[in-house]
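Engineer: Structure, please.
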Amino acid sequence: GRAAVPAVGLSSAARQSAPTEVAVAETLVSGTHAESSVFTLLEHRDRLGVIPMINAWNLISEALEDQTCLLLVLSKVRRGVTADLKKVTVRPVAVGGRRKYQLTRQLGTQQTFENLEPETAAERVISLLRTTFEHCHLFTVDADYTIRIQRDGSIKIKRKPPSRQPESLDHDRAKNYLIPDGLPCPFLVEIGVMTSDGRVGASKYNKFRQINRFLELVDDIVPYLPGGGTVHVVDVGCGKSYLTFALHHLLTVIHRRRVRIVGLDRNESVIRDVRRVAERLECEGLDFLSGDIADYQPTGPVHLVVSLHACDTATDDAIAKAVRWQVPVILAVPCCQHELAPRIHAEPLEPIHRHGLLHERFAALATDALRAAVLDLCGYKTQVTEFIDIEHTAKNVLIRAVRRAGQPTKGETTTPDAAPPDGDPAERLSKFKQWLGLKTTYLERALGDAFPCKQFTCYSAPRRD
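Structural biologist: Here you go, the predicted model:
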């Protein structure tokens, strides 16, 4: 038993105008179930040239425009085509509550990403299949298709039962990572989070999720960075630099920005290692220096300072430098905070002070609250949010500070427009210090002349430390 069926994907008008060389599709039938279908379409040549293979193009267009496509992969570059492009992957994503398709190009060791409307994605895929690739693997809710362009110009389409299940975009919104699972990402492959084919192993999934969480937080502040030119970033205490490479990927691959990213760390051995990784990955605009933030002198305006897990007051040193440089955005994840624990004592908190663990945790929270308050006073809009850190520790607080519009630059004075809308930050900070029994903090001293408290009326509590 063979049963002949019409060519799938041809409109009635296309069937009427289709050339005689278009073969009838044949379905191989076993019992009552179709095992697979193979369609062969030959090019029709006349004096006008080559008429497109309507069946294959319609199949792709309908899957993308009807939003039944779950995944599409273009592979095997045609003979004679000289291009760095090795593979293209298309997958559905949710962007601003709307369904789009993310088109990922694999260019050697680099990747580029582009979110497209369904119609545009279909046009882009068909154009690439016409000119660059021989194979197309299309996974839809109804079936899996393998489309192959033969050397004689014909197209063969093989159909199989669907191997993927449709997923709710609302349910999977958190899983639509900026770096998706299943697509090779060079720096993640290099550090062992991904395999060469883009799979994330179970033991590495937490780290994969944490890197993506960091990218989400950085992605939120991209609109506050300069709209053009080179973005200058300083990463203080970069260590093994997992997140430094992630930041480089976000800005250069996803946002297509030119960057000057400098990773600073005191450990010379670590710096040598990450430099070698950056060279292998050909990370343009990324450099690593051995040294301290106190000695680093930027060559131009810095637009973003990142300090992740800098120990104790090293976080304050990074924040102080950023404020002095008038950096538009500061991201800090503090670690092992010991400055205030021996100095804080407030009688109402006696039940907390009696227990070392509780006192330590309260001191850490108070330290971050004071840092946020100081940044408010220095002209930043500050948020403290949860950050799932890369080392699986309990230190998962992120301080995100964005310089408020209207803040003065060097040599100018504060304007009324620069004042935060929720009251006097100096009074708020001073009352909190007074309640804790503190006169000053390390961050205030590190800021020196850049700390504007003298512009306001401050309370001064007796020092108990």
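Engineer: Could you grab the helix/strand/coil label for Q337?
Structural biologist: Per DSSP: H, G, I helix; E, B strand; the rest coil, the secondary structure class of Q337 is coil.
Engineer: contacting residues for it?
Structural biologist: Listed by Cβ atoms under 8 Å, 6 or more residues apart in numbering, the contact set of Q337 reads D312, T315, A363, A364, T367, D368. All C-beta spots, glycine's among them, are computed from the backbone N, C-alpha and C.
Engineer: can you pull the contacts of the closest residue to the second one other than its chain neighbours?
Structural biologist: Read it as T315. In this structure, T315 finds its nearest non-sequential neighbour in P334, 4.5 Å apart by Cβ to Cβ, 6 or more residues apart in numbering. Contacts for P334 (Cβ under 8 Å, 6+ apart) come out as H309, A310, T315, A364, T367, D368, R371, K395, V397, I399.
Engineer: Tell me how many other residues surround the fifth one.
Structural biologist: Around T367 there are 25 other residues, counting by other Cβ atoms under 10 Å.
Engineer: Contact partners for it?
Structural biologist: So T367 contacts P334, Q337, E339, L340, T441 (Cβ under 8 Å, 6+ apart).
Engineer: which one of the residues you listed is nearest F139?
Structural biologist: Proximity of those to F139 (Cβ to Cβ) peaks at P334, which lies at 44.6 Å.
Engineer: On the C-terminal side of the helix or strand hosting the closest one, identify the next helix or strand.
Structural biologist: If you go by DSSP states H and E, P334 is part of strand 329-335. Going down the chain from strand 329-335, the next helix or strand is helix 350-353, by DSSP H and E.
Engineer: which residues touch that following helix?
Structural biologist: By Cβ under 8 Å, 6+ apart, helix 350-353 touches H345, L358, H359, F362.
Engineer: wait, T146 sits on S163?
Structural biologist: No: with contact defined as Cβ atoms under 8 Å, T146 does not reach S163; the gap is 11.6 Å.
Engineer: which of those two has more neighbours?
Structural biologist: A side-by-side neighbour count of T146 and S163, using other Cβ under 10 Å, places T146 first with 15 against 10.
Engineer: ok now do that one, which residues does it touch?
Structural biologist: Applying Cβ under 8 Å, 6+ apart, the residues contacting T146 are H135, C136, H137, L138, I157, K158, K160.
Engineer: now it: how far from S75?
Structural biologist: 11 Å (Cβ to Cβ, to the nearest Å).
Engineer: Now the common contact residues for those two.
Structural biologist: Going by Cβ under 8 Å, 6+ apart, residues that sit against T146 and also against S75 are H135, H137.
Engineer: what pairs with the strand holding P334, and is each one parallel or antiparallel?
Structural biologist: strand 304-311 (parallel), strand 397-403 (antiparallel) (DSSP bridges).
Engineer: Mind checking those strands for the one nearest to I179?
Structural biologist: strand 304-311 (17.6 Å).
Engineer: Now the helix ranked longest in the chain: buried residues?
Structural biologist: In the chain, with assignment by DSSP state H, the single longest helix is helix 356-377. Judged by neighbour count (16 or more other Cβ atoms under 10 Å), helix 356-377 contains these buried residues: 359, 362-364, 366-368, 370-377.
Engineer: Go through those and say which is closest to F387.
Structural biologist: Nearest to F387 among those, counting by Cβ to Cβ, is D368 at 11.6 Å.
Engineer: and the nearest residue to that closest one once chain neighbours are set aside, how many neighbours does it have?
Structural biologist: In this structure, D368 finds its nearest non-sequential neighbour in V397, 5.6 Å apart by Cβ to Cβ, 6+ apart. Residues contacting V397 under the criterion other Cβ under 10 Å number 21.
Engineer: Show me what V397 is bridged to.
Structural biologist: E386.
Engineer: Would you check that it makes contact with V333?
Structural biologist: Yes: V397 is within contact range of V333, at 6.8 Å (criterion: Cβ under 8 Å).
Engineer: Give me the common contacts of these two.
Structural biologist: F387.
Engineer: Just the buried subset of the contacts of T146, please.
Structural biologist: For those, buried by 16+ other Cβ under 10 Å: H135, C136, L138, I157.
Engineer: Quick check, the second one in contact with V125.
Structural biologist: Read it as C136. Yes: the criterion here is Cβ under 8 Å, and C136 meets it with V125 at 7.5 Å.
Engineer: so what sits against both of the two?
Structural biologist: What both C136 and V125 touch, as defined by Cβ under 8 Å, 6+ apart, is the set I60, L72, L74.
Engineer: residue contacts, the last one?
Structural biologist: Counting by Cβ under 8 Å, 6+ apart, L74 touches K87, V88, T89, V125, L128, L129, T132, F133, H135, C136.
Engineer: Restricted to helices, list those.
Structural biologist: Those of the contacts of L74 lying in helices (DSSP H): V125, L128, L129.
Engineer: Tell me the one of these nearest D181?
Structural biologist: Distances from D181 to these, taken by Cβ to Cβ, are shortest for V125, at 21.6 Å.
Engineer: Run through the residues that contact the closest residue to the closest one other than its chain neighbours.
Structural biologist: Counting by Cβ to Cβ, 6+ apart, I60 is the residue found nearest to V125 once chain neighbours are left out, at 5.7 Å. Counting by Cβ under 8 Å, 6+ apart, I60 touches L72, A122, V125, I126, L129, C136, L138, I147.
Engineer: I'd like the C-alpha coordinates of the helix or strand I60 falls within written as CSV, please.
Structural biologist: Assigned by DSSP H and E, I60 belongs to helix 54-65. Presented in CSV, the C-alpha positions along helix 54-65 are these (Å, rounded to 0.1, in the frame of the first residue of the first chain):
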residue,chain,number,x,y,z
ILE,A,54,6.3,27.2,-3.2
ASN,A,55,5.6,24.1,-1.1
ALA,A,56,8.7,24.4,1.1
TRP,A,57,8.4,28.2,1.5
ASN,A,58,4.7,28.0,2.4
LEU,A,59,5.4,25.3,5.0
ILE,A,60,8.0,27.6,6.7
SER,A,61,5.9,30.7,6.4
GLU,A,62,2.8,29.1,7.8
ALA,A,63,4.6,27.5,10.7
LEU,A,64,6.1,30.9,11.8
GLU,A,65,3.2,33.2,11.0
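Engineer: Tell me which stretches of the stretch 151-300 of the chain form strands.
Structural biologist: For the stretch 151-300 of the chain, the strands defined by DSSP state E, counting those that start in this stretch occupy 155-160, 230-236, 258-265, 286-290.
Engineer: tell me the angle of the second one relative to strand 286-290?
Structural biologist: Computed by axes from the mean of the first three to the mean of the last three Cα atoms, to 10 degrees, the angle separating strand 230-236 from strand 286-290 equals 30 degrees.
Engineer: Give me the contacts around strand 230-236.
Structural biologist: Counting by Cβ under 8 Å, 6+ apart, 225, 241, 243-244, 247, 251, 257-264, 285, 293, 296, 298, 300-308, 310, 314, 317-318, 321 sit against strand 230-236.
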